[in-house]
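Asker: let me see the structure of the following:
(chains A and B)
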Amino acid sequence: MPHGNPRFVHGKILHNTGSGIFYRMEVAIPERIDFVPGQFAMVSGWPGNDPLLPRPLAIFRSGGVRGKGTVEFVYKVVGRGTALLSGLHAGDPLALTLPLGHGFEFPGEDRSWWLVGGGVGFSSVFPAAAALEGQRADFEIFLGARTRDQLPPGEWIPGGAVPGRVHLCTDDGTAGFFGTVAAALRDRIDRRRPTGPARVAILACGPREMLKAVAELALPLDIRVQVSLESWMACGFGVCWGCVTAVRDGEKSGYRRVCKEGPVFDAREVVW
Amino acid sequence: MTQSVTPDLSARVGSVLLKNPVMSASGTFGYGLEFTPFYDISRLGAVIVKGLSLLPTPGNPPGRIVETPAGMLNAIGLQNIGVERFVTEVAPRLDDLGAVYVANIYGRTIEEYEAVARRLSEVPALAAIELNASCPNVKEGGIAFGSNPEGLSGLTRRVRAATPKPLWVKLSPNVSDIGAIARAAEEAGADAVTLINTLVGMAVDPRTRRPMLSNVTGGLSGPAVKPVALRMVWEACKAVKIPVVGIGGIQSAGDALEFLLVGAAAVQVGTANFRNPNACVEIVDGIRDFFVRERIFRLDDYRGKLLLRE
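Answerer: A predicted model of the protein is given here:
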């Protein structure tokens, strides 16, 4: 089930600053919103009809008091929409529909949580770290990027100073583990022996190939995996049916909406 | 002191009375329920529900939408829960919402269209049925129903006989003479025509050399199609006596007013709902504000009053 009813609001940018390849944008909105980690917003701010559609951005943080709120996003410029967003300044208006979608689930059980972010995917899993900290749950963070410069700044990583908590991985070996996030997870699982990977749950967001590799590694070991998927979407709240992904439904498979039944799915259901 | 009078925005599409001329277009508004977090949907003229087929339809594989300049292409493939689940699970929830509903229907064969129309005739919440005659193929020959007057006439006549509900026929713009198509629907017993459905288009990725849509082609909508839609609505208005409902790229009250001016009895707003969930009600409010400013008291004093050089 989606968590909470979405709203369409007009906001005002408080700051929108680049840090390496990432932008961090905070927006003042009329009401404080509560969100579940993994939920997102549809965001547009450029004038005119081109590009036509708002862009989905994971909600990184929300704050404020009753009657006055803020919401924060982290994004990377990938196309025209995000390029236009990156050119907006403090004081510029923004239209937002939020919070949207089905986020990560945290059953209150005694587990080790491994949060996995590939590329800008960390923006969807870092909020989960804040929630887990609140539950005093044990978690580790795995971050993958092509190269050192494409990892998030260290000060953004929740609990980054805790020894052994953060595992950085780069495809070219310029920082941390030399290899993919999936390879680093395999390494971590091996080191967990003899107790094995029991009672570990993974929350992951990143490129589809990464999510697939993580699921194929972890599911056979009975590690529970939730993945946050990306898709092109027009509306973000379930009416255009443009963003679907194939999922298993018992013996059959069908198309479910990434924006409504997702973006977070149980990895066992996803047809890669 | 001048007193502002609330203008009368009520509209009429045949026997169907609407509190204002703004409806949501099929396929962009779910079953209406999805919009209740945003506003009271009874503020709209009517809600046209997503196309219903006889059996549940899985839809096309992903690669269903692509953004284009000032528009978008879609090839959803009419994913829907089927008429039976609509009637038993969704329709009972609509009564409480107080809106006027029109069901859009779709079939692979004429028999399927008839069966869907017959089943929906039993739903009191529905004010009319809108026939999607704008893309499907017939059982054998693969000729689109809506692309020639004979095909459309045959389909309309059969569905007309299958339901006592007012029948609106949604027309394809992918034809050479929209007036002839609209007349065919009128002569076959349609109570109204609604147009335009999407324009067939295509997009490819030059690097991967693949089409952007799994279906290869899709339907173009959004502001990019508005001038074409407006011209076709104007031509249809001149061709038939039954009401014409204007659709195509309407994003603002100004856009809606253009369609009303060329003669549309009412309008439908589609793609705009995707970028702004409040689009339909903002357009209602915008039309009212325009009428107040321009001292127009009734929709009928404005509708169809396009000024042409003699």
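Asker: alpha carbons only for contacts and neighbour counts from here, please
Answerer: OK.
Asker: return the residues of the stretch 1-150 of chain B in contact with chain A.
Answerer: Within the stretch 1-150 of chain B, the positions near chain A by CA under 8 Å from any CA of the partner chain are B:27-30, B:34, B:37-38, B:58-59, B:61-72, B:74-76, B:79.
Asker: are any of those buried, and which?
Answerer: Burial by neighbour count, 16 or more other CA atoms under 10 Å in any protein chain shown: within the residues of the stretch 1-150 of chain B next to chain A this picks out B:27-30, B:34, B:58-59, B:61-68, B:70-72, B:74-76, B:79.
Asker: return the set of buried residues in stretch A:250-268.
Answerer: Within stretch A:250-268, the residues scored as buried using 16+ other CA under 10 Å are A:254-267.
Asker: among the residues of the stretch 1-150 of chain B next to chain A, which are in helices?
Answerer: Within those, no residue falls in helices by DSSP state H.
Asker: among those, which are in strands?
Answerer: Taking DSSP state E as the definition of strands, those contribute B:Ile65, B:Val66, B:Glu67, B:Thr68, B:Gly71, B:Met72, B:Asn74.
Asker: what's near enough to touch the closest residue to the fifth one other than its chain neighbours?
Answerer: Distances taken as CA to CA, 6 or more residues apart in numbering or on different chains place B:Gly222 nearest to B:Gly71, at 4.4 Å, with adjacent residues excluded. Remark: with contacts taken as CA atoms under 8 Å, 6 or more residues apart in numbering or on different chains, B:Gly222 is in contact with A:Leu52, B:Ala70, B:Gly71, B:Met72, B:Gly248, B:Gly249, B:Ile250, B:Gln251, B:Gly270, B:Thr271, B:Ala272.
Asker: what ranges do the strands span in the stretch 51-200 of chain B?
Answerer: B:65-68, B:71-74, B:101-105, B:126-132, B:167-170, B:192-195, B:199-202 (DSSP state E, counting those that start in this stretch).
Asker: mind checking how far the residue in chain A that chain B sits nearest to is from B:Phe145?
Answerer: Sorted by distance to chain B under CA to the nearest CA, the residues of chain A start with A:Cys235, at 4.1 Å. Using CA to CA, to the nearest Å, we find A:Cys235 at a distance of 30 Å from B:Phe145.
Asker: try A:Pro56
Answerer: For A:Pro56, the distance to B:Phe145 equals 37 Å [CA to CA].
Asker: same check on A:Ala145?
Answerer: The gap separating A:Ala145 from B:Phe145 is 52 Å, by CA to CA.
Asker: nearest residue to the residue of chain A closest to chain B other than its sequence neighbours?
Answerer: Leaving aside its sequence neighbours, A:Cys235 sits nearest to B:Phe274 (CA to CA, 6+ apart; 4.1 Å).
Asker: please enumerate the helices of chain B.
Answerer: For chain B, the helices defined by DSSP H occupy B:83-85, B:91-94, B:110-120, B:149-162, B:178-187, B:226-239, B:253-261, B:272-275, B:279-294.
Asker: what pLDDT does A:Asp138 get?
Answerer: Predicted confidence (pLDDT) for A:Asp138: 88.
Asker: and it, what are its bridge partners?
Answerer: With DSSP bridges as the criterion, A:Asp138 is bridged to A:Ser112.
Asker: ok, it - how many residues close by?
Answerer: 15 (other CA atoms under 10 Å in any protein chain shown).
Asker: quick check, it in contact with A:Ala128.
Answerer: No: counting by CA atoms under 8 Å, A:Ala128 is not a contact partner of A:Asp138; they are 11.9 Å apart.
Asker: what residues are up against the residue nearest to A:Cys235?
Answerer: The contact partners of B:Phe274, by CA under 8 Å, 6+ apart, come to A:Leu53, A:Ala234, A:Cys235, A:Gly236, A:Val239, A:Cys240, B:Thr28.
Asker: ok, so of these, who is nearest A:Gly164?
Answerer: A:Gly236 (37.2 Å; CA to CA).
Asker: leaving out the residues flanking it, which one is nearest to that closest one?
Answerer: Nearest residue to A:Gly236, sequence neighbours excluded (CA to CA, 6+ apart): A:Cys259, at 5.1 Å.
Asker: before we move on, what about A:Val27?
Answerer: Computed as CA to CA, 6+ apart, the closest residue to A:Val27 that is not its neighbour in sequence is A:Ile13, at 4.3 Å.
Asker: now the one you found. Its backbone dihedrals?
Answerer: Main-chain torsions, A:Ile13, degrees, to the nearest 10: phi -70, psi 130.
Asker: show me the contacts for it.
Answerer: With contact taken as CA under 8 Å, 6+ apart, A:Ile13 is in contact with A:Met25, A:Glu26, A:Val27, A:Ala28, A:His89, A:Ala90, A:Gly91, A:Asp92, A:Pro93, A:Leu94.
Asker: hmm, try it at 6 Å
Answerer: Residues near A:Ile13 by CA atoms under 6 Å, 6 or more residues apart in numbering or on different chains: A:Val27, A:Ala90, A:Gly91, A:Asp92.
Asker: pretty sure the first one contacts A:Gly69?
Answerer: Yep, that's A:Val27 we're talking about. No: judged on CA atoms under 6 Å, A:Val27 makes no contact with A:Gly69 at a distance of 8.4 Å.
Asker: which one of the two is surrounded by more residues?
Answerer: Using other CA under 10 Å as the criterion, A:Val27 and A:Gly69 rank with A:Val27 on top: 23 against 18.
Asker: can you list the strands that the strand or helix carrying the more buried one pairs with?
Answerer: Using DSSP states H and E, A:Val27 sits within strand A:22-29. In the sheet, strand A:22-29 lines up against strand A:7-19 (antiparallel), strand A:68-76 (antiparallel) (DSSP bridges).
Asker: mean pLDDT for these - can I get that in TSV?
Answerer: Formatted as TSV, the strands paired with strand A:22-29 follow (pLDDT from 0 to 100):
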stretch	mean pLDDT
strand A:7-19	95
strand A:68-76	96
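Asker: what sits against the residue in the stretch 51-200 of chain B that chain A sits nearest to?
Answerer: Chain A sits closest to B:Ala70 of the stretch 51-200 of chain B, with a gap of 4.7 Å, by CA to the nearest CA. B:Ala70 sits next to A:Asn49, A:Asp50, A:Leu52, B:Pro223, B:Ala224 when contact means CA under 6 Å, 6+ apart.
Asker: quick one: it from B:Ser221, how far?
Answerer: Taking CA to CA, one finds B:Ala70 at 9 Å from B:Ser221.
Asker: between the two ends of stretch B:14-22, how far is it?
Answerer: 15 Å.
Asker: list the buried ones in it?
Answerer: Neighbour-count burial for stretch B:14-22, counted by 16+ other CA under 10 Å, picks out B:Gly14, B:Leu18, B:Lys19, B:Asn20, B:Pro21, B:Val22.
Asker: now swap in stretch A:41-56 and tell me
Answerer: Buried residues in stretch A:41-56, defined by neighbour count with 16+ other CA under 10 Å: A:41-46, A:50-56.
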